[in-house]
Structure formats: structure tokens, C-alpha cells
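> need a 3D model of the sequence below.
(chains A, B, C and D, ligands or ions: 2)
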Number of protein chains: 2
Amino acid sequence: MTSRPPRPRDRGIPEATVARLPVYLRALQALQDRGILTVSSEALATAAGVNSAKLRKDLSHLGSYGTRGVGYEVEYLVYQISRELGLTQDWAVAIVGIGNLGRALANYGGFGSRGFRIAALLDADPGVVGQSVASIQVRHIDSLEEVVRSRGVSIGVIATPAASAQGVASRFVEAGVTSILNFAPVVLNVPDGVDVRKVDLSIELQILAFHAQRRADGDGRDARAAGLELT
Amino acid sequence: MTSRPPRPRDRGIPEATVARLPVYLRALQALQDRGILTVSSEALATAAGVNSAKLRKDLSHLGSYGTRGVGYEVEYLVYQISRELGLTQDWAVAIVGIGNLGRALANYGGFGSRGFRIAALLDADPGVVGQSVASIQVRHIDSLEEVVRSRGVSIGVIATPAASAQGVASRFVEAGVTSILNFAPVVLNVPDGVDVRKVDLSIELQILAFHAQRRADGDGRDARAAGLELT
DNA sequence: ACGCGCTTGTGAAAGCGCGCACAAAGTGGG
DNA sequence: CCCACTTTGTGCGCGCTTTCACAAGCGCGT
Ligand SMILES: NC(=O)c1ccc[n+]([C@@H]2O[C@H](COP(=O)([O-])OP(=O)(O)OC[C@H]3O[C@@H](n4cnc5c(N)ncnc54)[C@H](O)[C@@H]3O)[C@@H](O)[C@H]2O)c1
Ligand SMILES: NC(=O)c1ccc[n+]([C@@H]2O[C@H](COP(=O)([O-])OP(=O)(O)OC[C@H]3O[C@@H](n4cnc5c(N)ncnc54)[C@H](O)[C@@H]3O)[C@@H](O)[C@H]2O)c1
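Ligands and ions are numbered 1, 2, ... in the order given. Now for the predicted structure:
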């Protein structure tokens, strides 16, 4: 739709690379904690569980931050990746649906450490509203628009039952939230320009089951399909 | 590798297709609940949030189950996909680490409905062991091997802190579990033949942040990069 | 019986991502 | 100063994935 040829700027980092940057970042921070100052692509790739050429190509998209013959300076790379991912600013997150999963998310300490701050918890159940979860008062879903505006919420997390998810998503969008993380097992319908990511545990299990079944079938008929037989 | 002629259906289903089959399955079951008997690729694709040509190609990997001019019979397709994914048998799942997340998973009702049965809960904390979560007694991690054997566990879920995850994974593998779903933010090291899938909420948020920042940058300097400005 | 409209199944092309392999660039020792 | 060694950055080919486009197939109405 928008013109592609007349856009010489190469701001486009491949999606696959973006998905791996957080993994590199975590590995780098682990190295930093151990007092390590520089790291080679080979070592970092091993820590991140990827091929070293892929790692180098990924990093090359952010610029040339390595030194040939030496490697990458850990601290500088942490900063560059953080900046590229937008983690140098802090992001206000609102969680809707404070049930089993919503509570676990609210109580999870690992978010705040990376620039994400839980700014609000919302639920529709009068029995839940008013409760204090992880030192945050749960507010009623009707105040979503007000909360988004007043707290500057830019990321919405949906942890409601599937039936309510689309409604919540629409309200998020209307309130101006353009980034949504959805845990409900439904396909959300949102306008262009709104970014939705889905986490679906059930799908992950089904994919595991598929491969497990295939291994089992193969063992029966084909015998040497996989290098199993551990112990 | 294996002979082509004596194998009517090609056993190799592309990975990308496998990842989408559960989505189709869920959409089909929603249609089934509404009493709909047949569906076109176009309608099902919309419900699943994909391109219709992609859906048809995906389904063609399982065989020719559609009728030209009509579409697909919902019930038959549900059966075929379920069978292909291995959901016609039931899978015993063990969850290790009964903290915030482990409890949410244990209390989640959506697993049982698709062939997955929570067979055991395990933890290392003496204060947690013995507790009853979702009507299941939490057992000590030391009994992992025994539990895996006696309950026929084939899928292991890791919801422990990152520091313990590799150890738990190794014990799962040694006990014969070849499918692992990992929620801890670490790269697990396992032998060939063991299938590990990772769910990392923190990474999802970081990817959202990246795109959100890019949109914000574009709006400031470039103005018409995305079709935002809702309402 | 036949033709019309609808929908599937699939070639073909384009796009994207991965990993090999190597030249370029830097380091350190002599 | 030079040479041997290390490690980055990337050109290139390959295979997987997506999408287009259309012939073949099916049902229905006449
Ligand atoms: N618990 C898990 O481990 C798990 C695993 C996979 C998927 N999920 C999905 O995550 C979602 C939440 O699961 P859960 O186990 O926490 O469910 P839950 O029933 O425990 O909690 C849902 C919460 O959402 C609230 N809610 C319902 N409608 C709402 C609305 N319109 N606005 C605001 N709040 C509303 C309810 O009051 C409740 O507190 C579900 O869609 C589920 O399928 C959960
Ligand atoms: N809670 C969340 O929403 C969330 C979000 C993203 C990631 N995670 C990840 O999921 C994991 C669990 O998170 P949580 O919030 O439930 O943590 P938690 O601390 O609440 O629970 C961890 C549980 O694991 C048990 N445990 C520790 N070591 C063990 C071992 N060796 N064997 C068996 N059990 C052991 C602990 O006793 C505890 O009960 C962590 O790795 C976390 O990073 C959690």
C-alpha cells in the first residue's frame, strides 16, 4: 500500500531476527553477571542455542558492533540490543482478567526487570475487583479507558476466558492501545496498525503430541528414524 | 528416503503446517458447536486468521478431504486433524514447579478437553509437597522417575525458576520423557530425539515493545508509515 | 442431460531465512 | 615491521513458506 521503492532507508530488521534479540540479550546479561567483558559470536551463539553465523548476521542488522579478532563487548551489546528493542524506556502494561493466569502474571517478578511495569489490573467480577494482587488493587473493567489514559498504558495483556477476549481487545484498541498480548485461545480481529501476539499453551502441547506420535509410529515401522533409545 | 509408491500419503507434513493445525481444529470445533456441518476454505481461513490458499495447501497434506463446489465436512475434518495431531489418544502430563505459573496450569481446565491429562504435580519445596492443587496431591521431585514410569507420563512441563530448569529437564530425559514444554527463560540442553518447546512471555513483550517503538519513531519522523490514528 | 457457478487442489513464482565458507580486519608475538 | 592467528561481516546457494492463479471437479437448477 505505502510506496516501497522510494524508501531507501534500511530500517527493516527481519522479523526472525527481532524474535531472537531478546534471547541474545538474556544470554548477554548472564555473561555480564559473571563479570565477562567480551564474547565471541561462537560462545554467545552456543549460550543462545543458535548457529554462530546466524547470530553474526542478526547483530549485523543493528550495525557493526564487533571487533574482528576479538569479539563483542558485552556491555555495549547489551545497551545496543536494549535500545533497539525499546527497553531503555519503560512500558506500562495493563492485565485484564485476574484469574489463574492473570494472577500468575501479576505475581511474576521477571517483567519489571526489563522495562515492563504492571500499571493496572482489571477484571469484570465484582468479587475480584477491589482485591489486592501483587500489591496492586484490581479495578473494574469499566474503567479501562480511564486507566489506559491516566497511566499511559501502551501494552495490553488479555487473560480472560475466550468469550470475553475480543470485547476486551476492541476496548483496548479504542482506548489507543496498539500492542496486545493475548492468552485466550481465539483469533482476535483488530484494525491495521495494531500488533497482536498470541501465546497458546494448548497449541504447544498439541505440537508436542504430533511429534511424539510420529516418533512412536516411526519406531514401530521404520525403527531408526530418530536417535532415541536413551538409557 | 522411504519408498514412495507403497506409501499412499506422504508422511512429511511441513512444520509450519503442523503449527497451524491446532488453530484450524479450534475453529472447526467452534463451528461444530454452532451446528454447522460444512465449511469452505475461505470461511474457515477467515475464522483461523489465515490466507485461504494456505489453508487448502495445509489440509492437502493430510489428504483430499474436501468436496469441490461445496467445501469441507466439519466433523470429518475435526476427526482427521485430531488423528493427525495424535489427540485421539490421551497424553499424561507432569508439571514440575508448582508456584504461580504451575498452579495456574494445574487449575486450567482447557487441557483435559483435548486429550491431555494432568497425571502428576511435582515440587522441591517441602512446604508445597503434600498440598492439594486442582485435586491433585503435589509430590516431591525426587519421585519424578517413579511417577513417570507408573503414570506413563510422556510430556513434561517445566515451571520452575530458570536455575532449576536444566536439572529438571535432564531428569525428565533420563526418565524417558521425550517431549518437554519449558516456561523457564533458559535454553535447555537435551539429546537428539527429545523435543523441547519454549514459551517465554518476556520475549513476547519485548517483541511487542520493538514494534511499538518502531511505530512511534515512524510517526514522529515519517508520519504515514502505518495506518494508525484510530478514532 | 447439460451447462453454470462455486470451490477445491496444486503448479509455479516470489520471498524469506538459514548456514557454509571465505575475504577482510584486527591482535599479539617476535 | 611482519607474520600467524583469531574472529567478524557477508555473498551465495538452497530449501522452506507463502501467495497467486487457474484447471479440474462437483452440485444444482432447468
Ligand atoms: N490458566 C492457565 O494456565 C491457562 C493456560 C492456557 C490458556 N489459558 C487461557 O487464559 C485465559 C485465562 O485463563 P484462567 O485460567 O486465568 O481463567 P479464569 O477463569 O481463572 O480467569 C478469567 C478471569 O477473567 C475475568 N473476566 C471474565 N470476563 C471478563 C471481562 N469481560 N472483562 C474483564 N475480566 C473478565 C473473570 O472474572 C476471571 O477473573 C483463558 O482464555 C484460558 O483459556 C489459561
Ligand atoms: N509467573 C509467571 O507469570 C511467569 C511468566 C513468565 C515466565 N515465568 C517463568 O516460569 C517459571 C515459574 O514461575 P513462577 O512465577 O511460577 O515461579 P515460582 O517461584 O512461583 O514457582 C517456582 C516453583 O518451583 C519450585 N522449584 C524450584 N526448584 C525446583 C526443583 N529443582 N524441582 C522442582 N521444583 C522446584 C519452587 O518450589 C516453586 O514452587 C520461572 O522460570 C519464571 O521465569 C513465569
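> count of neighbours near the residue nearest to A:Lys54 when sequence neighbours are not counted?
Spatially, and ignoring its direct neighbours in sequence, A:Lys54 is nearest to A:Ala45 (7.3 Å; Cβ to Cβ, 6 or more residues apart in numbering or on different chains). To be clear about C-beta, it is placed using only N, CA and C from the backbone, and glycine gets the same treatment. For A:Ala45, the count of nearby residues is 20 (other Cβ atoms under 10 Å in any protein chain shown).
> what's the spacing between A:Ala45 and A:Leu85?
In this structure, A:Ala45 and A:Leu85 are 19 Å apart, going by Cβ to Cβ, to the nearest Å.
> again with A:Gly152
From A:Gly152 across to A:Leu85, the span is 19 Å (Cβ to Cβ).
> for A:Glu73, same thing?
Counting by Cβ to Cβ, the gap from A:Glu73 to A:Leu85 is 18 Å.
> around DNA strand C, which positions in chain A sit nearby?
Proximity of chain A to DNA strand C, by Cβ under 7 Å from any atom of the strand, involves residues A:14-17, A:50-51, A:53-54, A:56-57, A:67-70.
> just to revisit the earlier point, hang on, isn't the residue nearest to A:Lys54 packed against A:Leu55?
Yes - using Cβ atoms under 8 Å, A:Ala45 makes contact with A:Leu55 at a distance of 4.3 Å.
> quick revisit: the more surrounded of A:Gly152 and A:Leu85?
Per other Cβ under 10 Å, whichever of A:Gly152 and A:Leu85 has more neighbours is A:Leu85, with 22 against 12.
> report the contact partners of the more buried one.
Neighbour list for A:Leu85: A:18, A:21-22, A:25, B:206, B:209-210, B:213 [criterion: Cβ atoms under 8 Å, 6 or more residues apart in numbering or on different chains].
> export those as a markdown table, with columns for secondary structure, pLDDT and neighbour count.
As requested, the contacts of A:Leu85 are arranged in a markdown table below (DSSP: H, G, I helix; E, B strand; the rest coil; pLDDT from 0 to 100; neighbours: other Cβ atoms under 10 Å in any protein chain shown):
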| residue | secondary structure | pLDDT | neighbour count |
| --- | --- | --- | --- |
| A:Val18 | helix | 98 | 19 |
| A:Leu21 | helix | 98 | 24 |
| A:Pro22 | helix | 98 | 25 |
| A:Leu25 | helix | 98 | 23 |
| B:Gln206 | helix | 97 | 26 |
| B:Ala209 | helix | 97 | 25 |
| B:Phe210 | helix | 97 | 22 |
| B:Gln213 | helix | 95 | 20 |
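> out of these, which comes closest to ligand 1?
Set against ligand 1, the nearest of the contacts of A:Leu85 by Cβ to the nearest ligand atom is B:Gln206 (20.5 Å).
> test my guess that that closest one contacts A:Leu87.
Yes - B:Gln206 is within contact range of A:Leu87, at 6.7 Å (criterion: Cβ under 8 Å).
> for chain A, which strand extends over the most residues?
In terms of residue count, the longest strand belonging to chain A (DSSP state E) is strand A:116-123.
> name the helices or strands packed onto the least confident helix or strand in chain A by mean pLDDT?
Sorting the helices and strands of chain A by mean pLDDT, DSSP states H and E puts helix A:201-221 at the bottom, at a mean of 87. Packed against helix A:201-221 by the contact rule (3 or more Cβ pairs under 8 Å, 6 or more residues apart in numbering or on different chains; DSSP states H and E) you find helix B:15-33, helix B:74-85, strand B:91-96, strand B:116-123, strand B:155-158, strand B:179-182, strand B:195-198.
> swap in 6 Å and give it another go.
The elements that helix A:201-221 packs onto, with contact taken as 3 or more Cβ pairs under 6 Å, 6 or more residues apart in numbering or on different chains; DSSP states H and E, are helix B:15-33, helix B:74-85, strand B:179-182, strand B:195-198.
> buried set for it?
Using 16 or more other Cβ atoms under 10 Å in any protein chain shown as the burial criterion, the residues of helix A:201-221 that qualify are A:201-215, A:218.
> kindly export that helix (C-alpha atoms) in CSV.
C-alpha atoms of helix A:201-221 as CSV (Å, rounded to 0.1, in the frame of the first residue of the first chain):
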residue,chain,number,x,y,z
LEU,A,201,-0.2,-23.3,25.7
SER,A,202,-2.7,-25.7,24.2
ILE,A,203,-1.2,-25.4,20.8
GLU,A,204,2.3,-26.0,22.1
LEU,A,205,1.1,-29.2,23.7
GLN,A,206,-0.6,-30.3,20.5
ILE,A,207,2.6,-29.8,18.5
LEU,A,208,4.5,-31.8,21.0
ALA,A,209,1.9,-34.6,20.8
PHE,A,210,2.2,-34.6,17.0
HIS,A,211,5.9,-35.1,17.1
ALA,A,212,5.7,-37.7,19.9
GLN,A,213,3.2,-39.7,17.9
ARG,A,214,5.3,-39.5,14.9
ARG,A,215,8.3,-40.8,16.7
ALA,A,216,6.2,-43.6,18.2
ASP,A,217,4.9,-44.6,14.7
GLY,A,218,8.3,-44.5,13.2
ASP,A,219,9.8,-46.7,15.9
GLY,A,220,7.2,-49.3,15.1
ARG,A,221,7.5,-49.3,11.4
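> check whether that helix contacts DNA strand D.
No - applying Cβ under 7 Å from any atom of the strand, one finds helix A:201-221 separated from DNA strand D by no less than 12.2 Å.
> tell me, how many residues neighbour the closest residue to A:Val129 other than its chain neighbours?
Distances taken as Cβ to Cβ, 6+ apart place A:His140 nearest to A:Val129, at 4.8 Å, with adjacent residues excluded. Residue neighbour count, defined by other Cβ under 10 Å, stands at 15 for A:His140.
> so what's A:His140 scoring on pLDDT?
Listed pLDDT for A:His140 reads 98.
> can stretch A:59-67 be found next to chain B?
No - Stretch A:59-67 does not reach chain B (Cβ under 6 Å from any Cβ of the partner chain); its nearest approach is 11.5 Å.
> CA atoms of that stretch as CSV?
The C-alpha coordinates for stretch A:59-67 follow below in CSV (Å, rounded to 0.1, in the frame of the first residue of the first chain):
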residue,chain,number,x,y,z
LEU,A,59,23.8,-8.5,15.0
SER,A,60,25.0,-7.0,11.7
HIS,A,61,21.4,-5.7,11.2
LEU,A,62,21.9,-3.4,14.2
GLY,A,63,25.3,-2.2,12.9
SER,A,64,28.9,-3.3,13.3
TYR,A,65,29.4,-3.6,16.9
GLY,A,66,32.0,-6.3,17.0
THR,A,67,35.8,-6.2,16.7
